[in-house]
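Trainee: here is a sequence together with a model predicted from it:
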Amino acid sequence: MEVRTRIAPSPTGQDLHIGNAYTALINYVFAKKSGGKFIIRIEDTDRTRFVEGSEERILSSLKWLGIAHVEGPDNGGEYAPYRQSERLSLYGEHAKKLIELSHAYYCFCTSERLETMRKDQEARKLPPMYDGLCKHIPKEEAQKKIDEGAKYVIRLNVPEEGVTSFTDIVRGTISFENALIDDQVLLKSDGFPTYHLGVVVDDHLMNITHIVRGEEWISSTPKHILLYQFFGWELPVFAHVSLLRNPDKSKLSKRKNPVWVSWFKEQGFLPEALLNYLATMAWSFPEGKDIFSLEEMIKEFRLEDLQTTAPIFDLEKLKWINKQYLMVKPLNMFVTLASGASGYSRNVNFQQISEGTASLIQPRISTLAEYDSMVGFLFKPPKEYEIEINKESLNLVKNALEKCEWNHLEMEKSIRAVADASGVKSKDLFMTLRVAVTGKTVGPPLLESLELLGKEKTLARLIVQ
RNA sequence: GCCGCCAUCGUCUAGUGGCCUAGGACGGCGCCUUCUCAAGGCGCAGAUCGGGGGUUCGACUCCCCCUGGCGGUACCA
C-alpha cells in the first residue's frame, strides 16, 4: 500500500509555525523514504480564529523550506478539496451516520449550562466532563426539537466502560479508560466539525496511512480511535512526535520565542540550515553527523528512531549550523544570497556587494542579516568611534598610507616600517587605523577592506577632529 | 485535581545488559595562528546516567515505586 502522510495546519497565525515546519519535515521525509506522498490539508474550521492570508503564507513558507506537497489546496489532487471549509457536507453526513448507529447524540445544552456544570465539577474535584444530560433524549424527540429550530451540537457517545488503546510507533501501547473520555463535540452548532471529526473523516477519505503529529494530540487519540471503530474503518499508524520547547521547558510559544518561519527567513537563516537543525531535534544521524542534507536524511530516516523527549529550541546551535552552510557556499552564490535576491532581510542595505567583500566576511557571519553590520563601513563613514583615537598614531598611519601603492601587501609594509621607525607598536597602529576607518574595533581584515574602499575615501577618514 | 507522555553534561544527543571510570556536537574556557574579529588546529572544564528499591554474576540500559518536567482536560486546533 502506498504511504500517504500529511500535515493539517490551521490558518490561525501570521505564518507557518516552526513547530508545524518540524512535523512537516518529518512527514515529508518519511513519505519520501517510503516512496509515498506528502499532502497538505487546511483545517479552517474555527471561524473565530481565522486569519486572513495565513494559508498563503503557510504555503509559501513551506515552499521556501523546500518541503513540497503533491496534493494540497493550491495544487489540488484526486481527493480534493483540501480545505475543510469546502468539505462541510461530508462531516454533517458522517455525524448523522453516527447518530443512526447511536454512537453519537444530539445535545441541546447551552454554553451557560456547560460552564456552570464544569465549575461545579471543579469545585467537587471531579474531572470536568459532559454529564450526559442529552444522551438519553429519544431520537424522535430530539428530531422534533431540531425541526422547531433548536440549536444543537452532535456529541460522541463514548462507551461508559472498557479501555481504548492504540499502538504508537515511537512510544508503544498507550491506553485510556473510556470512563475518563469526554463525550466530545463532533459537530458544532454552526455546522462546522470540530478537529476530532474533521481529522478522522478526512484522514480516512484521503487515505492517510501514517498520522505523524505533535504529542499534544496523544490524549485525544482515543477519541479518534473510537471514531475509526464506530465507522468501521481501518486504523492508520500513529506516531506522536515530541513538542519543541522554550528555554523554560514550556511548549514553544510566540510569547517567549520567535516561532514564525518568516522570522528565520528575515534573520538570514538558510532553509536547508533550518531544516537540518529541525531534523536534529527529532532524530539523530547515524554516526552522530551534525551537518546533513535532506537527501541524506531521507536515505537514513526511520520513524522508529524518532526522539521521545521534548527538545529545547536553541538558537545558538541553529546559528552554528547556518554558518556551516554559509561557509561552504561558492562565493558567487554567497553574493547572490547576501544581496537579498532571495528576499532575505528587508532592513538590510546590500548595495555594491562584490565577491571581494563577500570573501572577507563569509567565514565571519552566521546569518546573512549580519552582513550589513560587518561591511556597512564600506558604504558609509563611521558616525562614532568605539574607542578614542590616538592622534599621534593616526598621523603616522596617514603619512605611511599617503605615499603608498594601494594594495594591501604594500600598505602593510609601509605601516610596519613606520612602526619600526617611530617605536610605536604595529598592533596599535593597525587598531588606530581600523577604528578611524570603520568606527569599530572588530571587523573584516583591515587592509584588504581598505583596498576595496579606495585610497581617496580611506584618507578622507583619517582626518579626525 | 484527574488522565497521559517523558527523564544521560547548561543545550542537542550516542548508548538497546558487560566495549562506559559514559562518546560526539553547540555553548564556555585556554593555547597556537594573528592587524581586530572570525575561521582553522590542539586542549580543558562539564553528567556519581532525577531518587529509591528490585531482577541479574553484572545495569545508563529490564521491572516497580517516588519525584520532577511537559502535555491534555473547550461548540481551539
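Mentor: Now that the structure is in, tell me what you want to look at.
Trainee: domains of chain A?
Mentor: By the assignment in automatic domain parsing, chain A contains the domains A:4-73+A:244-303, A:87-241, A:391-460.
Trainee: who does A:Gln210 bridge with?
Mentor: For residue A:210 the amino acid is His, not Gln. Note on A:His210: beta-bridge partners A:Val237, judged by DSSP bridges.
Trainee: what residues does the stretch 201-350 of chain A have near RNA strand B?
Mentor: Residues of the stretch 201-350 of chain A lying near RNA strand B by CB under 7 Å from any atom of the strand: A:215-220, A:242-243, A:245, A:248-251, A:280-282, A:284, A:288, A:290, A:305, A:307-312, A:314, A:316-317, A:320, A:323, A:327. Quick note: C-beta positions are derived from backbone N, CA and C, even for glycine.
Trainee: kindly give a single PyMOL line that selects the buried subset of the residues you listed.
Mentor: Buried residues among these (16 or more other CB atoms under 10 Å), as a PyMOL selection:
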select buried, chain A and resi 215+217+218+220+242+243+245+280+281+282+310+311+323
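Trainee: so after the helix or strand harbouring A:Arg213, what's the next helix or strand?
Mentor: Per DSSP states H and E: A:Arg213 is located in strand A:210-214. The element immediately downstream of strand A:210-214 (helix or strand, assigned by DSSP H and E) is helix A:221-231.
Trainee: what is that following helix packed up against?
Mentor: Applying 3 or more CB pairs under 8 Å, 6 or more residues apart in numbering; DSSP states H and E, one finds that helix A:221-231 contacts helix A:88-100, strand A:153-156, strand A:163-168, helix A:195-205.
Trainee: now tabulate those in a markdown table and tack on mean neighbour count and mean pLDDT.
Mentor: Formatted as a markdown table, the helices and strands packed on helix A:221-231 follow (neighbours: other CB atoms under 10 Å; pLDDT from 0 to 100):
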| stretch | mean neighbour count | mean pLDDT |
| --- | --- | --- |
| helix A:88-100 | 17 | 97 |
| strand A:153-156 | 23 | 98 |
| strand A:163-168 | 15 | 96 |
| helix A:195-205 | 21 | 98 |
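Trainee: now for these, which one comes closest to A:Trp233?
Mentor: helix A:195-205 (5.0 Å; CB to CB).
Trainee: relative to helix A:221-231, how tilted is the closest one?
Mentor: 50 degrees (axes from the mean of the first three to the mean of the last three CA atoms, to 10 degrees).
Trainee: tell me the helices and strands packed up against helix A:195-205.
Mentor: helix A:88-100, strand A:185-187, helix A:221-231.
Trainee: got a list of contacts for that helix?
Mentor: Outside helix A:195-205, the residues within contact range by CB atoms under 8 Å, 6 or more residues apart in numbering are A:6, A:8, A:41, A:43, A:45, A:79, A:84, A:87, A:90-91, A:94-95, A:156, A:184, A:186-187, A:193, A:208, A:211, A:220, A:223-224, A:227-228, A:231, A:233, A:236.
Trainee: again, but for stretch A:40-56
Mentor: A:6-15, A:59, A:62, A:69, A:71-73, A:82-85, A:188, A:190, A:192-195, A:198-199, A:202, A:206.
Trainee: of the residues you listed, which belong to strands?
Mentor: The strands, defined by DSSP state E, take in A:6-7 from the contacts of stretch A:40-56.
Trainee: give me the buried subset of the contacts of stretch A:40-56.
Mentor: Buried by 16+ other CB under 10 Å: A:6-11, A:13-15, A:59, A:62, A:69, A:71-73, A:82-84, A:188, A:192-195, A:198-199, A:202, A:206, out of those.
Trainee: among the residues of the stretch 201-350 of chain A next to RNA strand B, which are located in helices?
Mentor: Under the assignment DSSP state H, those contribute A:280-282, A:316-317, A:320, A:323, A:327 to helices.
Trainee: so among those residues, where is pLDDT lowest?
Mentor: Of all these, A:Ala282 carries the smallest pLDDT score, 92.
Trainee: got the residues of the stretch 1-150 of chain A near RNA strand B?
Mentor: Counting by CB under 7 Å from any atom of the strand, the stretch 1-150 of chain A sits next to RNA strand B at A:8, A:10, A:12, A:43, A:45-46, A:48-49, A:109-111, A:114, A:118, A:125, A:127-130.
Trainee: you'd agree A:Tyr79 is up against A:Ile208?
Mentor: No: using CB atoms under 8 Å, A:Tyr79 is not in contact with A:Ile208, being 9.6 Å away.
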